[in-house]
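> Okay, sequence plus prediction incoming.
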Amino acid sequence: MKGRHLNQAKSVENPTGVVRKTLSYNNEAMLCHFLLKQGAKIPLHNHRATQIGYIVKGKAKFLAEKPEDQFEAAAGDSYVFSPYVKHGTIALEETEYVEVFVPARDEYKDF
């Protein structure tokens, strides 16, 4: 098992204003913590992993290719993106969330 306490996990800022900490993973699943400054943006992207998230605090707008597929989520809300669905994020206020990726994302394996 590979796992880290939130306070011991490596902080990776990319893009600007978005800090990710990889908390635990194996080859099949990964848990990450994200902290976004107000106004921070994650551009539209996609990946092969299913992405399941839970907003711990704050509020974010999740972007999609079609405006009707966009939505806002606040503390207590959860969401899921299927593999290869284009999505992005704008932090409407400082926002903290955790996400699970299945399978694990190789580019986020940092320990």
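Received the coordinates, thanks.

> which ones are touching the residue sitting nearest the centre point of the chain?
Residue closest to the average C-alpha location in the chain (C-alpha atoms, centre = their mean): Glu99, at 5.1 Å. Shown in contact with Glu99 (C-beta atoms under 8 Å, 6 or more residues apart in numbering): 31-32, 34, 51-54. No exception for glycine: its C-beta is placed from N, CA and C like everyone else's.

> Looking at those residues, spot the one nearest Asp77.
Distance to Asp77 across these (C-beta to C-beta) is lowest for Tyr54, with 7.6 Å.

> Which secondary structure state is assigned to the closest one?
Following DSSP: H, G, I helix; E, B strand; the rest coil, Tyr54 is assigned to strand.

> Now it: closest residue in space that isn't a chain neighbour?
Excluding the flanking residues, the one nearest Tyr54 by C-beta to C-beta, 6 or more residues apart in numbering is Ser78, at 4.8 Å.

> In contact with that neighbour, which residues?
By C-beta under 8 Å, 6+ apart, the contact list for Ser78 reads 52-55.

> now the spatially closest residue to Leu63 that is not a sequence neighbour, what's its secondary structure?
Nearest residue to Leu63, sequence neighbours excluded (C-beta to C-beta, 6+ apart): Gly88, at 3.9 Å. Following three-state DSSP, Gly88 is assigned to strand.

> Please look at Gly88 and His45 and confirm they touch.
Yes - in this structure, Gly88 is within contact of His45 by C-beta atoms under 8 Å, at 6.5 Å.

> Show me which of these two is the more surrounded one.
Taking neighbours as other C-beta atoms under 10 Å, Gly88 and His45 compare with Gly88 leading, 16 against 9.

> Return the closest of the contacts of Glu99 with respect to Gly3.
Nearest to Gly3 among those: Leu31, at 8.3 Å, using C-beta to C-beta.

> Tell me how far the residue nearest to Tyr54 lies from Glu107.
24 Å (C-beta to C-beta, to the nearest Å).

> Do a quick rundown of the strands in this structure.
Using DSSP state E, the strands of the chain run over 2-3, 12-13, 18-25, 30-36, 41-45, 50-57, 59-63, 71-74, 78-81, 87-91, 95-102.
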